[in-house]
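K.L.:
Need coordinates for the following:
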Amino acid sequence: MEETETSVIDAALARLEAAVNRMDAVVQHRLENAAQPDDRDAELALMDEDRARLAAALDAASARLAEVTATTGEVGHRLDRAIETVQDVLGRR
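P.N.:
Residues are numbered from 1 along each chain as shown. Down below sits the predicted model:
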């Protein structure tokens, strides 16, 4: 073998070794990431908790609105009767 062929082979082996090292680093990185919980999963869990909390708050607010609406209707009827009574009393004088 000539020295030129040896240097070409050495350069190719060096490139191959660098590529294998990079591939090993990528595989190691992926294995480490697979072992740790994914941030997206944690984010989705937090979003689900927020959604459930907001849904419960919305249900409570809707129930309270229904109560207030019913009470407002009852107060309106009582005021109408009071106004009629006052008008009757004033009309009788």
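
K.L.:
Would you map the helices across this protein?
P.N.:
When secondary structure is read from DSSP state H, the chain shows helices at 3-35, 39-92.

K.L.:
Same list (the ones you listed) but as CSV, adding mean pLDDT.
P.N.:
CSV is the format used below for the helices of the chain (pLDDT from 0 to 100):
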stretch, mean pLDDT
helix 3-35, 83
helix 39-92, 90
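
K.L.:
Put together a markdown table for those, with mean neighbour count on each row.
P.N.:
For the C-beta atoms, the positions are set from N, CA and C on the backbone; glycine is no exception. Shown next, in a markdown table, are the helices of the chain (neighbours: other C-beta atoms under 10 Å):
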| stretch | mean neighbour count |
| --- | --- |
| helix 3-35 | 10 |
| helix 39-92 | 10 |
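
K.L.:
From residue 54, how far out is the residue nearest the centre of the chain?
P.N.:
The chain has residue 47 as the residue nearest its centroid, 2.6 Å off, counting by C-alpha atoms, centre = their mean. Distance of residue 47 to residue 54, computed by C-beta to C-beta, to the nearest Å: 10 Å.

K.L.:
now do residue 71
P.N.:
Applying C-beta to C-beta to residue 71 and residue 54 gives a distance of 26 Å.
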